[in-house]
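*Asks:* next one to model:
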Amino acid sequence: MLKVLLLCAGLLAISFIVWHIGPGRIYDVAAQLGPVALLVMLIPSVIMYVIEAFGWKVTLGPSAKDLPFWRVLAIKTAGEVVNMTTPAGYLGGEPLKAYLLTKYHVPSVEAFASVVIAKTAKTIAEVLFILLGVVLTFWTLSDDGSSGQKVLVAWLSVGLLLFGTAAFVFVQRLGLFMGVLEFLRKIGLTIRYLEAREEQLRSLDRMILGFYGHNRPAVYASTGLFFLSWMAEAVEVYVFIWFLGGPAMALPAISIAALSVFIKGTTFFIPGSLGAQDLGNLFLLQDFGYSEVAGVTFALLRRFRELVWIGTGLLCLAALRGRAAGIQESRTLDSGNGS
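*Replies:* Prediction:
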C-alpha cells in the first residue's frame, strides 16, 4: 500500500511541475529536438550498458568464459528492467540475471557469485563517482552559500555511503549468505528454502571470498569499467544539455550526473524514483544556472531514455526465456532418447 501511495505521489509531483512550468513551453523545447537528436541522445546510454556488461563479464567464473558477450549484454539488459520497474531497491533484477545465466550451463553458485561481485564493484564505482561529483560541485559552486549547504549535506551522505559500502564488503569477507542464515536462526525465523540450501550458500560465500583473494586484478578491472560506465552517464548529461541549448560544460555535467545518481539511489524505496528523481534533476539544473524549462525537459528526456531501455529489456527477456525454454526442451528430449 505504501508503495502505491509513493507512486501516486510521484505522479502528482511530475504533473504539478509540468503544469506549473507550462506544458506548452516544455513541448516547444522538446519539439525542436527531432527524431535524430533523440537517437543521438541514446548513444551514451548504449555505451553505458555495453561497458557495464563488460564489467560484469570480468567477474564471471570459468563456466561462463565462453558465453558470448552479446548474450551477457542481453541478460544484463533483461535484469535491469526488473531493477527499474520494481520497488526492490535496484536489486530485484540481480537474482534474475543469475537465473538466466544458469540456463546457459553456468552453475548456480558461479552465477550468483558473479552477480554479487559485479554489484559490489558497481556500487564501489558509484560511490567514487558520487564523491567526484561532490568535489566538483563544491569547487564549482563554492561561492554560493545555499549551494554550499547542499554540498555539505551531500558530503555527509557520501560518508554514509562509503561506510555502508565498506561494511558490505566486510560482511562478504566474513560470509554474507551464511551470515544472513545464521542471523535468521538467531531471531527464530526459519526459511525452508534457505535451510535446504545451506551447503550451496556456504559454497557461494567461499567462491566470493576466493574471487576477492585470488582475482584482485579482475575486481579492479570490473570496478574501473563500472566507473567508466558512470562517466558515460555524465556524457549523457552533457549531450542532453547541449541539445537543449546549453551551455554544456564537462565538469558541471559530471557534477549533475553524479548528484542525480545520488538522488536516484537514496530514493530507491519509491518505484522508479518517480517524482523524486525528476524534481531532483530540475533543482540540480537550476542550481547550475539553467532555466526551469530546461530542467524539467531534461528530467523528461531521461524518463524517455528509461522507457526505451525498459522496452529493450522486455524484448531481451522474452527472447532469453524463449531460448531457455528451447534449451530445456532439447535437454528433455536428449535424456528421453538416452533412456
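*Asks:* neighbours of the nearest residue to Val169 once chain neighbours are set aside, just the number please.
*Replies:* Closest residue in space to Val169, ignoring its immediate chain neighbours: Thr120 at 6.3 Å, by C-beta to C-beta, 6 or more residues apart in numbering. (C-beta placed from N, C-alpha, C; glycine too.) Per other C-beta atoms under 10 Å, the neighbour tally for Thr120 reads 22.
*Asks:* what's the answer for Gly213, then?
*Replies:* Gly213 is flanked by 10 other residues according to other C-beta under 10 Å.
*Asks:* over to Ala258?
*Replies:* 28.
*Asks:* quick one on the thing from earlier: got the contact list for the residue nearest to Val169?
*Replies:* By C-beta atoms under 8 Å, 6 or more residues apart in numbering, the residues touching Thr120 are Phe168, Val169, Gln172.
*Asks:* for the residues you listed, I'd like a selection string for ChimeraX - just the buried members, please.
*Replies:* Here is the ChimeraX selection string for the buried members of the contacts of Thr120, based on 16 or more other C-beta atoms under 10 Å:
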select :172
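*Asks:* got JSON lines for the contacts of Thr120, with pLDDT, distance to Leu301 and secondary structure too?
*Replies:* Formatted as JSON lines, the contacts of Thr120 follow (pLDDT from 0 to 100; distance: C-beta to C-beta, whole Å; DSSP: H, G, I helix; E, B strand; the rest coil):
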{"residue": "Phe168", "pLDDT": "80", "distance to Leu301": "33", "secondary structure": "helix"}
{"residue": "Val169", "pLDDT": "81", "distance to Leu301": "35", "secondary structure": "helix"}
{"residue": "Gln172", "pLDDT": "83", "distance to Leu301": "37", "secondary structure": "helix"}
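*Asks:* ok, so of the contacts of Thr120, who is nearest Leu314?
*Replies:* Checking the contacts of Thr120 against Leu314 by C-beta to C-beta gives Phe168 as the nearest, at 30.0 Å.
*Asks:* ok, that closest one - contacts?
*Replies:* Thr120, Thr123.
*Asks:* which SSE is the residue lying closest to Ala250 once chain neighbours are set aside in?
*Replies:* Sequence neighbours aside, Tyr238 is the residue nearest to Ala250 in space, at 6.5 Å (criterion: C-beta to C-beta, 6+ apart). Using DSSP states H and E, Tyr238 sits in helix 216-243.
*Asks:* just checking, what packs against whichever helix or strand comes after that helix?
*Replies:* Per DSSP H and E, the first helix or strand lying C-terminal to helix 216-243 is helix 250-266. Using 3 or more C-beta pairs under 8 Å, 6 or more residues apart in numbering; DSSP states H and E as the contact test, the elements touching helix 250-266 are helix 108-140, helix 145-174, helix 216-243, helix 276-287.
*Asks:* what about those, which gets the closest to Glu52?
*Replies:* helix 216-243 (4.6 Å).
*Asks:* the closest one vs helix 250-266, what angle?
*Replies:* 110 degrees (axes from the mean of the first three to the mean of the last three C-alpha atoms, to 10 degrees).
*Asks:* low pLDDT regions in the stretch 101-250 of the chain?
*Replies:* Scanning the stretch 101-250 of the chain for pLDDT under 70 picks out the ranges 141-154.
*Asks:* can you give me the buried ones in the helix or strand harbouring Glu182?
*Replies:* Glu182 belongs to helix 176-186 when assigned by DSSP H and E. Buried residues in helix 176-186, counting neighbours by 16+ other C-beta under 10 Å, are found at Leu176, Phe177, Met178, Leu181.
*Asks:* fine, thanks again, bye for now.
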